[in-house]
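Undergrad: Predicted model and sequence follow; I will ask about them next.
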Amino acid sequence: MVRKYDLVVYGATGFTGATTSEYIAGLRDKDLRWAVAGRSEAKLAKLKQELIKIDESLENLDVIVADASEPASLDAFLQHTTVVLSTVGPYIKYGTPLVEACIRNKTHYVDITGEYTWIKQLIDKFHVQAQESEVMIVPTCGFDSVPSDLGAFMQVPLVVDYMHKHHKIDTTDVKYSVVDIVGGVSGGTLQTMVEQLSDSSLQPTSHVDKYLLASERGIDKARVPKFYRDTDFPRWQAFFVMSVINEKVVQRSWSLYTQRRQSYGRLFTYHESMSFPWIGAFLVTAMIYCTPVLTLLLKFQFFKRFAKWALPQGGAGPSREQRAKGHFEAHVIAQGETEPYDSPVRVRGIVKGFSDPGYSDTCVMLAEAALSIVKNHDYLPGKQGGILTPASAFGNILIDRLNASGRMSFTAETMTD
């Protein structure tokens, strides 16, 4: 049955929600039936006026007042919606009622969370239920973790499938480095990090467990933080702050594809880093060893409240002009599973974003993830539903959409040593 709305942006009046809505409006897709939703009718009306400046046909855009604390208000619009895009965080506080309502109404869901403790709760509680309802619940559809998850592992022209199609071999080791980035970390992301570190629902070792979200375990291990040189990447390599979530998402993708008998490789491992000058790599590594102390302090409510007060708040961000100056580039190196005396087979993937990754690019990724469901549902690898990852849900469909958008690019080629 065709529903009234192809998609609804929930939390549309926040900074990320408004930026996502502006991107969708800028597509000027006359066949797309969409709406914006949030708690404040006045703020939604103001947003609508801004969107009309982008596309005059949005005079007819519906605004929906809904609140996660009122399940009936969610059901009222979700029963008429194909896919909802959620930008309301921290998700561990506000996300679960919306996910429950989506499964109840058989509405697909995408968001931009990097909260792995919350995603773990969703998997444990809702994965089977979402599969039975054939509902796609797809967190991490922003800068964490689309570039990592898709850029390293998915189908043509990306690294893992490139290995299969061009060399007929599995992949063993994949490493990912952010070699260039200009842009800010959003206030929402920083607030989320405080929530993650203060979460007492997980054992300390779970935070470094790459298989925390996976449905089965492989051979990969957590690594001791250090800085080092790697000739495959420019400059020194050190800890990348988003690797904590990205590595878990990638290994969940590995496990889900293994269950589908489309494994990346039985010896598959994955590691992320970031490229720094020597002094930057040293300082980042030194700070990592202070994290256990910070985690302990955040268990105390007074210190947690102070940290959340001192850090930038969610809901605000840089101007459009500032965001346009941002960009990022990440390199992905994959090693093939060859015999001991065979020449090594290696592939380099390159993922680029052409605006601020934490703000603008994230909104592009989120919108195109939702549009993958709206426009290409029957061709998606994750159409059977469940708590999925970008790679296991969308695969090459999302890669193609992002390439076609002109806002990002994904390429891969064999390396010659």
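TA: Thanks, I have the structure now.
Undergrad: Counting residues, which strand of this structure comes out longest?
TA: If you go by DSSP state E, the chain has its longest strand at strand 171-182.
Undergrad: any idea of the mean pLDDT in that one?
TA: For strand 171-182, mean pLDDT is 92.
Undergrad: Counting by contacts, list what it packs against.
TA: helix 146-153, helix 159-167, strand 269-276, strand 327-336 (3 or more C-beta pairs under 8 Å, 6 or more residues apart in numbering; DSSP states H and E). All C-beta spots, glycine's among them, are computed from the backbone N, C-alpha and C.
Undergrad: could those go into JSON lines alongside mean pLDDT and distance to Met136?
TA: Shown next, in JSON lines, are the helices and strands packed on strand 171-182 (pLDDT from 0 to 100; distance: least, C-beta to C-beta, whole Å):
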{"stretch": "helix 146-153", "mean pLDDT": "87", "distance to Met136": "15"}
{"stretch": "helix 159-167", "mean pLDDT": "63", "distance to Met136": "21"}
{"stretch": "strand 269-276", "mean pLDDT": "96", "distance to Met136": "23"}
{"stretch": "strand 327-336", "mean pLDDT": "91", "distance to Met136": "25"}
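Undergrad: Please indicate which of these has the most neighbours on average?
TA: Ranked by mean neighbour count, the helices and strands packed on strand 171-182 are led by helix 146-153 with a mean of 29 (mean count of other C-beta atoms under 10 Å).
Undergrad: quick one: that helix to strand 171-182, angle?
TA: Angle of helix 146-153 versus strand 171-182, following axes from the mean of the first three to the mean of the last three C-alpha atoms, to 10 degrees, is 150 degrees.
Undergrad: Could you list every helix and strand in contact with helix 146-153?
TA: Counting contacts by 3+ C-beta pairs under 8 Å, 6+ apart, helix 146-153 packs against helix 159-167, strand 171-182, helix 243-259, strand 327-336, strand 346-353, helix 390-394, helix 396-405.
Undergrad: And the contacts of it?
TA: 140, 158-161, 174, 176, 242, 246-247, 249-250, 253-254, 264, 270, 272, 328, 330, 332, 334, 349, 351, 353, 357, 365, 369, 389-391, 394, 398-399, 402, 410 (C-beta atoms under 8 Å, 6 or more residues apart in numbering).
Undergrad: so when I look at Ala35, I'm seeing a strand, right?
TA: Yes - according to DSSP: H, G, I helix; E, B strand; the rest coil, Ala35 belongs to a strand.
Undergrad: The residue lying closest to it once chain neighbours are set aside - how many residues pack around it?
TA: Counting by C-beta to C-beta, 6 or more residues apart in numbering, Asp62 is the residue found nearest to Ala35 once chain neighbours are left out, at 4.0 Å. Using other C-beta atoms under 10 Å, Asp62 is surrounded by 17 other residues.
Undergrad: related to what we said a few turns ago, and the helices and strands packed on strand 171-182: which comes nearest Gln384?
TA: helix 146-153 (18.4 Å; C-beta to C-beta).
Undergrad: ok and the closest one relative to strand 327-336, angle-wise?
TA: Using the same axes, to 10 degrees, helix 146-153 lies at 30 degrees relative to strand 327-336.
Undergrad: re the thing from before, export the helices and strands packed on strand 171-182 to CSV and tack on distance to Thr16?
TA: Formatted as CSV, the helices and strands packed on strand 171-182 follow (distance: least, C-beta to C-beta, whole Å):
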stretch, distance to Thr16
helix 146-153, 14
helix 159-167, 29
strand 269-276, 23
strand 327-336, 17
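Undergrad: follow-up on the earlier one: which of the helices and strands packed on helix 146-153 is buried the deepest?
TA: Sorting those by mean neighbours (by mean count of other C-beta under 10 Å), the first place falls to helix 390-394, with a mean of 30.
Undergrad: in this structure, what spans have low per-residue confidence?
TA: Applying pLDDT under 70 to the chain flags the ranges 1, 153-168, 184-202, 292-300, 302-304, 307-308, 310-316, 339, 341, 417.
Undergrad: Point to the residue nearest the middle of it.
TA: Nearest to the mean C-alpha position of the chain, by C-alpha atoms, centre = their mean, lies Thr140 at 2.7 Å.
Undergrad: How about the contacts made by that residue?
TA: 111-114, 119, 146, 149, 245, 249, 389-390.
Undergrad: now, which of those sits nearest Leu98?
TA: Among the contacts of Thr140, and counting by C-beta to C-beta, the member closest to Leu98 is Asp111, at 8.6 Å.
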